[in-house]
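Undergrad: have a look at this fold, sequence not included:
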């Protein structure tokens, strides 16, 4: 389980053996289940999902940028810049957490390029020289990009406080990757843009092109006009924002948490289907707990205690093969009696009529006993026992159903001679084997550890014969019922604090992710606010940039509830991530507002607003394809982030338009 390559290759090798054997038995269905096959399926399908969703995201973002900037060169530069930055991600191996980093960095890293290209093309469209256009680009957006990039890096880096190695690695890899893309954006992208402009001007000077290169004004003037409309009506805008927030806050308080991790796995997997089949047919789950003991006596005592645990189905340990000295002493007289009776028995080849009739009576008694069990099972609500009895002796509510035992009795009565002959043939071979086996088992000596075959020893004992393994199978489904998982693990803890296995690990993992996600979110908010304070040097402006962040998270979770989504162990990681994404929008707007001055809402949102709109759409396009992932865990994260980014963009535009209008009117 700690070596992904071995887990995948080992599971695939066993599956090949099963597939080969199944060709000779087409009527048989067989497959692998348990955490190892599940882990293999999870890694394989998550890698497949990330492969094609990353390609889809790249293509969709490139098309959007080409259409928005009305050129192909600058968008290609942005994609190339992003690709170079992504090469900075160097990890030994990807896990289920870090495998989604590529999509995260595509959605967030492209934002830096969008802001530089937007302002640069805007300056060139009004005829400013190349050097002046680039200088003003950095003056207007450089500090905002730097602050936004550092706050986003800080948001991801906050995950290093997690107790989970997977979340730590995701935080380190994401923050490192974003920082690399930020550096490349400042150093490499401007060089490409300037190089292209100089080449075009040189070609025009040499007469290779007839028209002087010029940019069209591609700012979103209509977006600026609508934002100014909201700003001018700041009272109504802010009241509407407050009412929407209150409504979605109520919705947020009602959202539920899906604890069933199996709902994150691809649908129709054999490994998951068989888990449910085992639970249905055997009344136990294969997600067992484990306990190590230092002696057979300790293992025996633990077994006695665990058999009294109502949440446990079966306790499997070596003591069932090694009775205690006291137990064996009580059994010796019975063993000797059996041995003596079997030894003195004379084997017969023939079967008399009286013995044949006795067999028929015993079969009738068996049928009546099963019918009584069937009645008690029906009264006691034991549906599985009732169904199994119905298969043997027939369903009382269905006159068409037959009893297998009755049919067998009728067959023997109607074919007495054939039945006697068949039973005599069976007796001829079975009786000597049975007698020999019973005499061999009827040994009065106590069974010692060394008497057990290696197939049993290898299952329960370590090589040094110093530790003994116990397996405790749950009675219920811990994936679908979080209360049962807590009850089962708490019952085990009362018996021994040394239990391990999937149930204790999953309980601890859910606790860790829940606590770490909350702590990382709080730490992120604190670090982001300090960075904004350091940048703006005014508490008021830092607070203004933070307000849409808090509101956007509320809108995100509230909208998830309204459309029927649940929080899961995967998409809950989107909450600290959305903080790093959302703060960018507020930072860029507040920075541009401070630079442009009063009464420039139209210009701010037509220019920088266009950039954050494109940033939001590209981020949504990066996370959106995850909805179609084979591995549903990525789908839940992609859906949550798609909604979250859209909600954060809307909260930024609406709230900051209203706040800027309020402050400017007060001035």
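TA: The structure has been received and is ready for your questions. Predicted model only: the values in this text are computed from it and were never measured.
Undergrad: remind me which residues of the stretch 551-667 of the chain are low pLDDT?
TA: 666-667 (pLDDT under 70).
Undergrad: quick one: the strands in it?
TA: For the stretch 551-667 of the chain, the strands defined by DSSP state E, counting those that start in this stretch cover 567-568.
Undergrad: where does the record place the domain boundaries for the chain?
TA: Listed by automatic domain parsing, the domain ranges of the chain are 1-30, 31-263+507-666, 288-322+447-477, 335-446.
Undergrad: pull the distance from the longest one to the chain's centre.
TA: Same thing as domain 31-263+507-666. 23 Å (Cα atoms, centre = their mean, to the nearest Å).
Undergrad: do stretch 393-412 as well
TA: Distance of stretch 393-412 from the chain centroid (Cα atoms, centre = their mean) equals 49 Å.
Undergrad: residues contacting it, please?
TA: For stretch 393-412, contacts defined as Cβ atoms under 8 Å, 6 or more residues apart in numbering pick out 356, 359-360, 363-364, 366-367, 370-371, 374, 390-392, 419. (Glycine included, C-beta is placed from N, CA and C.)
Undergrad: before we move on, the earlier item: is it possible to get TSV of the domains of the chain that adds distance to residue 275?
TA: Compiled in TSV, those are given as follows (distance: least, Cβ to Cβ, whole Å):
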stretch	distance to residue 275
domain 1-30	14
domain 31-263+507-666	5
domain 288-322+447-477	8
domain 335-446	17
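Undergrad: which one, of the ones you listed, ends up nearest to residue 495?
TA: domain 288-322+447-477 (4.9 Å; Cβ to Cβ).
Undergrad: now, of the contacts of stretch 393-412, which are buried?
TA: Buried by 16 or more other Cβ atoms under 10 Å: 356, 359, 367, 370, 371, 374, 390, 419, out of those.
Undergrad: now for those residues: which two are most distant?
TA: Taking Cβ to Cβ, the two most distant members of those are 356 and 390; they sit 28.8 Å apart.
Undergrad: what about the strands in the stretch 301-450 of the chain?
TA: 312-316.
Undergrad: low-scoring stretches of it, by residue?
TA: Ranges of the stretch 301-450 of the chain meeting pLDDT under 70: none found.
Undergrad: next one: the stretch 1-150 of the chain
TA: Counting by pLDDT under 70, the stretch 1-150 of the chain shows low-confidence ranges at 1-2, 85-100.
Undergrad: so which of the domains of the chain is the most packed in?
TA: When the domains of the chain are scored by mean count of other Cβ atoms under 10 Å, the highest mean neighbour count falls to domain 31-263+507-666 (a mean of 20).
Undergrad: still on that earlier bit, so which of the buried ones among the contacts of stretch 393-412 are in helices?
TA: Using DSSP state H, 356, 359, 367, 370, 371, 374, 390, 419 are the members of the buried ones among the contacts of stretch 393-412 that sit in helices.
Undergrad: from what I see, residue 660 and residue 593 are in contact.
TA: Yes: between residue 660 and residue 593 a contact is recorded at 6.0 Å, counting by Cβ atoms under 8 Å.
Undergrad: any common contacting residues for the two?
TA: With Cβ under 8 Å, 6+ apart as the test, residue 660 and residue 593 both reach residue 601.
Undergrad: who touches residue 113 in this structure?
TA: Counted by Cβ under 8 Å, 6+ apart, residue 113 has contacts 77, 78, 81, 82, 185, 189.
Undergrad: and the gap between it and residue 83?
TA: 11 Å (Cβ to Cβ, to the nearest Å).
Undergrad: any idea how far stretch 257-275 is from the chain center?
TA: 10 Å.
Undergrad: that one spans what distance, first to last residue?
TA: Taking Cα to Cα, to the nearest Å, stretch 257-275 runs 22 Å from one end to the other.
Undergrad: other residues contacting that stretch?
TA: In contact with stretch 257-275 (Cβ under 8 Å, 6+ apart) are residues 31-34, 37-38, 41-42, 45, 285-287, 479-482, 485, 506, 510, 566-570, 572, 630-633, 636.
Undergrad: same question, stretch 419-427
TA: Counting by Cβ under 8 Å, 6+ apart, 347, 348, 349, 350, 351, 353, 356, 359, 411, 412 sit against stretch 419-427.
Undergrad: narrow those to those in helices?
TA: Filtering the contacts of stretch 419-427 for helices - DSSP H - leaves 353, 356, 359, 411, 412.
Undergrad: contact partners for the first one?
TA: Residue 353 makes contact with residue 420 under the criterion Cβ under 8 Å, 6+ apart.
Undergrad: so which elements touch the strand or helix carrying residue 62?
TA: Here residue 62 sits within helix 35-69, counting by DSSP states H and E. On a contact count with 3 or more Cβ pairs under 8 Å, 6 or more residues apart in numbering; DSSP states H and E, helix 35-69 meets helix 4-22, helix 73-86, helix 101-125, helix 270-282, helix 601-623, helix 632-666.
Undergrad: and with 10 Å instead?
TA: helix 4-22, helix 73-86, helix 101-125, helix 270-282, helix 502-536, helix 601-623, helix 632-666 (3 or more Cβ pairs under 10 Å, 6 or more residues apart in numbering; DSSP states H and E).
Undergrad: closest to residue 67 out of the ones you listed?
TA: Proximity to residue 67 (Cβ to Cβ) singles out helix 73-86 among the helices and strands packed on helix 35-69, at 9.0 Å.
Undergrad: now do that closest one against helix 35-69, angle only.
TA: Per axes from the mean of the first three to the mean of the last three Cα atoms, to 10 degrees, the angle that helix 73-86 makes with helix 35-69 is 150 degrees.
Undergrad: what angle sits between helix 73-86 and helix 601-623?
TA: 50 degrees.
Undergrad: quick one: helix 73-86 to helix 101-125, angle?
TA: Between helix 73-86 and helix 101-125, the angle comes out at 140 degrees (the same axes, to 10 degrees).
Undergrad: fine, thanks again, bye for now.
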